[in-house]
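Enquirer: no sequence on this one, just coordinates:
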């Protein structure tokens, strides 16, 4: 999932799918369905955004020097612990 500022992938089937919201323009206003889709996307992204915000505040990621696969597992564990602490 990505925010509305994401630019990138074309329609090549070899690339993964990126889910973005809908943008309104002067000529095209958002329909109620588009607005609801944006709300659902924002609700799904919010916990992850908050988790990374907490990790940045704690400055955990500044000195991370490890293999990216290990970093992924470490970040998942840290996000779980962060969410437990925030919800406590």
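Expert: Looks like it arrived, so ask away. Note that the coordinates shown come from a computational prediction; the quantities given were computed from them, not determined experimentally. Numbers count the residues shown, from 1 in each chain.

Enquirer: from here on, contacts and neighbour counts on C-alpha atoms
Expert: Noted.

Enquirer: just give me the neighbour total for residue 21.
Expert: As a burial measure, residue 21 scores 20 neighbours (other Cα atoms under 10 Å).

Enquirer: find the nearest non-adjacent residue to residue 34, please.
Expert: residue 22 (6.2 Å; Cα to Cα, 6 or more residues apart in numbering).

Enquirer: which residues in this structure form helices?
Expert: For the chain, the helices identified by DSSP state H occupy 32-58, 68-87, in order along the chain.

Enquirer: how about a markdown table for those, with mean neighbour count, distance to residue 26 and mean pLDDT added?
Expert: A markdown table is the format used below for the helices of the chain (neighbours: other Cα atoms under 10 Å; distance: least, Cα to Cα, whole Å; pLDDT from 0 to 100):
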| stretch | mean neighbour count | distance to residue 26 | mean pLDDT |
| --- | --- | --- | --- |
| helix 32-58 | 14 | 15 | 84 |
| helix 68-87 | 12 | 39 | 78 |
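
Enquirer: so which residue is smack in the middle of this protein?
Expert: For the chain, the residue lying nearest the average C-alpha position, counting by Cα atoms, centre = their mean, turns out to be residue 45 (4.8 Å).

Enquirer: tell me how far that one lies from residue 28.
Expert: Residue 45 sits 25 Å away from residue 28, taking Cα to Cα, to the nearest Å as the criterion.

Enquirer: for residue 27, give me the pLDDT.
Expert: Confidence per residue is given as pLDDT, and for residue 27 that number is 93.
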